[in-house]
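Peer 1: quick one, structure for this:
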Amino acid sequence: MFEPFRKTGNILDIGCGYGFFLEVAKEKGWNVFGLEVSERASEDCKSKGITMFSGELKDAPFTPESFDIIISIEVIEHLIDPDGFLKGAHKLLREGGGMYVTTPNFNSYLRYKLKEKFDVIDYPNHLCYFTNKTLRKIFEENGFKTKFIKTTGMSITRSKTSKGKSNQEYVSETSDDEMLRFKIEKNALLRGMKHVLNAGLTGLKTGHNAKGFFIKPEK
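Peer 2: So this is what the prediction gives:
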């Protein structure tokens, strides 16, 4: 999805954690940059050859308009000032470049099913909540053009933790979600079923995660 936007060859992951996405991007020939508030994770990324800044985006020394692609996975919901965050990202992205973001979908089927037990609603860990409409709105108000927004996925992990039936980590190689994902990726029939299901969830706007790709228009 990102290859048609390769021009400078630079890609930035804001909130990159231990750099798993950037490791793959590096293997594919991208110049990889990461931003992470955790110094421990930043040091781990540096050991993998990733150019890192440990801190907040507003303090990052990256050159304006130098990135083809910026990604930010499950970050925007944690921020006090998502508008300021998007203004900063817009400044770093070149004209015609793209920003890919994921965040929990507040119109998820799970929220309607679990109601007050839905543990995505988790102050002060999660400060902002987005639907398709509000995610599109905040990006377009900050100078981006929407390429697409999809709402995909069904979370067994989140369902169990919300009901108090499990204390597994949501981001984990051994979570129910990750084990199911691994099983699906190994089976062509299951991959096809997943594609059909995600298409339906996107059509209904009720998938667990909102995934948006936004372009910085050329003048």
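Peer 1: quick one: classify the residue nearest to D177 when sequence neighbours are not counted as helix, strand or coil.
Peer 2: Sequence neighbours aside, T157 is the residue nearest to D177 in space, at 4.4 Å (criterion: CB to CB, 6 or more residues apart in numbering). C-beta coordinates here come from the backbone N, C-alpha and C atoms, glycine included. Counting by DSSP: H, G, I helix; E, B strand; the rest coil, the backbone at T157 sits in helix.
Peer 1: next, count neighbours for T157.
Peer 2: A count of neighbours around T157, defined by other CB atoms under 10 Å, yields 20.
Peer 1: same question for K113.
Peer 2: So K113, with other CB under 10 Å, has 11 neighbours.
Peer 1: mind checking how far it is from S155?
Peer 2: The gap separating K113 from S155 is 11 Å, by CB to CB, to the nearest Å.
Peer 1: and if you look at E39?
Peer 2: For E39 relative to S155 (CB to CB), the value is 30 Å.
Peer 1: which of the two has more neighbours?
Peer 2: Each of E39 and S155 has its neighbours counted (other CB under 10 Å); S155 has more, 22 against 11.
Peer 1: give me every residue that touches the more buried one.
Peer 2: Applying CB atoms under 8 Å, 6 or more residues apart in numbering to S155 gives the contacts L110, D177, H208.
Peer 1: again, only this time at 10 Å
Peer 2: 104, 108-110, 120, 161-162, 170, 175-177, 180, 207-209 (CB atoms under 10 Å, 6 or more residues apart in numbering).
Peer 1: ok, now I121?
Peer 2: Here I121 is in contact with P104, F106, R111, L114, K115, Y129, S162 (CB under 10 Å, 6+ apart).
Peer 1: between these, which is nearest S66?
Peer 2: P104 (29.9 Å; CB to CB).
Peer 1: burial of that closest one, as a residue count?
Peer 2: What P104 shows, counting by other CB under 10 Å, is a neighbour count of 24.
Peer 1: identify the residue nearest it in space, chain neighbours excluded?
Peer 2: V120 (4.6 Å).
Peer 1: helices or strands next to the longest helix along the chain in the packing?
Peer 2: What stands out as the longest helix in the chain, according to DSSP state H, is helix 188-204. For helix 188-204, the packing partners by 3 or more CB pairs under 10 Å, 6 or more residues apart in numbering; DSSP states H and E come out as strand 145-152, helix 176-185, strand 209-215.
Peer 1: so which of these comes closest to I70?
Peer 2: Nearest of the helices and strands packed on helix 188-204 (CB to CB): strand 209-215, 9.5 Å.
Peer 1: and the angle from that closest one to strand 145-152?
Peer 2: Counting by axes from the mean of the first three to the mean of the last three CA atoms, to 10 degrees, strand 209-215 lies at 160 degrees to strand 145-152.
Peer 1: who's in contact with the most centrally placed residue in the chain?
Peer 2: With distances taken as CA atoms, centre = their mean, I73 lies nearest the centre of the chain, 2.1 Å away. Residues near I73 by CB under 10 Å, 6+ apart: 13-17, 20-21, 100-103, 171, 209, 211.
Peer 1: cheers, nothing more for now.
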